[in-house]
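Novice: Pasting the sequence and the predicted model now:
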Amino acid sequence: MSRNLEIAIEVVATFTLIVGVALTSYNIYPMNIYVSLAGNLLWFIMGILWRKWSLITIQTFISIIYMMGIAKIMMG
């Protein structure tokens with residue numbers, strides 16, 4: 001993968017997480033969960049590309065927690 005694409009993913013992932021945190025701070029629910037999950041999945045991809053076990057681990061657990069929240073929303 002080219003370094004430019006890697007940097008682009010990193011920037012988009014960071015921006016996405018910042019937007020997710022902003023949505024949470026303004027209590028814009030459930031959009032905050034969806035946006036934050038997208039940002040975490042992008043950082044998970046970066047962890048795989050960089051072969052960083054710590055990044056992969058934390059993003060896996062955070063993404064699972066967000067998915068559990070989405071499942072709760074969908075089940076009513």
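Specialist: Thanks, I have the structure now.

Novice: For residue 65, see how far away the most centrally placed residue in the chain is.
Specialist: Nearest to the mean C-alpha position of the chain, by CA atoms, centre = their mean, lies residue 40 at 1.6 Å. Distance, residue 40 to residue 65, using CB to CB, to the nearest Å: 9 Å. From N, CA and C alone the C-beta is placed, and that goes for glycine too.

Novice: Over to residue 48?
Specialist: 19 Å.

Novice: do residue 20 as well
Specialist: To residue 65, residue 20 is 13 Å away according to CB to CB.

Novice: Between those two, tell me which one has more neighbours.
Specialist: Taking other CB atoms under 10 Å, residue 20 and residue 65 do not tie; residue 20 has more neighbours (22 against 14).

Novice: Go ahead and confirm the more buried one touches residue 39.
Specialist: Yes - contact status for residue 20 versus residue 39: in contact at 5.4 Å, counting by CB atoms under 8 Å.

Novice: Which stretches in the protein count as helices?
Specialist: According to DSSP state H, the chain carries its helices in the segments 3-25, 31-50, 53-75.

Novice: Now do the residue nearest to residue 36 when sequence neighbours are not counted against residue 4, distance only.
Specialist: Distances taken as CB to CB, 6 or more residues apart in numbering place residue 20 nearest to residue 36, at 3.3 Å, with adjacent residues excluded. Going from residue 20 to residue 4 by CB to CB gives 25 Å.

Novice: so how many other residues sit close to residue 28?
Specialist: For residue 28, the neighbour count with other CB under 10 Å is 13.

Novice: Quick check: closest non-adjacent residue to residue 1.
Specialist: Nearest to residue 1 is residue 49, by CB to CB, 6+ apart, at 6.4 Å.
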